[in-house]
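Novice: Generate coordinates for the sequence data below:
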Amino acid sequence: MNNIEQDESGTKVWVQLEWEQVDAMVVKELKDSIEGTAQMVEAAKSHSSWVHPDDAEHNLKLLPALFLVYQHWAGEEAAAELKQQVGYEA
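Specialist: Model (predicted):
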């Protein structure tokens with residue numbers, strides 16, 4: 001259930017979300033981050049697009065960490081599916 005309230009000045013809106021809604025938002029953002037990072041890793045490996053060497057090195061370290069957090073929020077099965085989808089091999 002969403003409750004929307006305004007303060008006295010009418011400039012702020014507060015939204016109350018259920019835990020499941022927050023979880024779904026976190027999972028979606030993590031998935032988007034993983035997909036974008038995986039694309040940059042692939043671009044750096046294949047030289048299909050220029051990626052700054054520092055970014056390429058950082059993304060190689062970042063991807064396993066993102067997957068670890070994603071697995072915590074989305075579960076092992078979803079993490080395995082996403083790894084397959086983006087072609088990630090640990």
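
Novice: The residue most central in space within the chain and P53: what is the separation?
Specialist: In the chain, the centroid-proximal residue (C-alpha atoms, centre = their mean) is L30; its distance is 1.6 Å. When distance is defined by C-beta to C-beta, to the nearest Å, L30 is 26 Å away from P53. For glycine as for every other residue, the C-beta is placed from the backbone atoms N, C-alpha and C.

Novice: likewise W73?
Specialist: 31 Å.

Novice: Give me the more crowded residue out of the two.
Specialist: W73 (16 against 9; other C-beta atoms under 10 Å).

Novice: So that one is in contact with V22, correct?
Specialist: No. Taking contacts as C-beta atoms under 8 Å, W73 lies outside contact range of V22: 10.2 Å.

Novice: and the closest residue to I34 other than its chain neighbours, what helix or strand is that in?
Specialist: Once flanking residues are discounted, I34 sits nearest to L66: 4.9 Å by C-beta to C-beta, 6 or more residues apart in numbering. Per DSSP states H and E: L66 is located in helix 53-74.

Novice: Then K83?
Specialist: Under the assignment here (DSSP H and E), K83 is part of helix 76-86.

Novice: which residues are contacting that helix?
Specialist: Helix 76-86 has contacts (C-beta atoms under 8 Å, 6 or more residues apart in numbering) with 27, 31, 34-35, 38-39, 67, 70-71, 74, 88-90.

Novice: wait, what's in contact with M40?
Specialist: By C-beta under 8 Å, 6+ apart, the neighbours of M40 are 51, 55-56, 59.

Novice: which parts of the top helix by length along the chain are buried?
Specialist: In the chain, with assignment by DSSP state H, the single longest helix is helix 19-46. Counting neighbours by 16 or more other C-beta atoms under 10 Å, one finds that the buried residues in helix 19-46 are 30-31, 34, 37-38, 40-42, 44.
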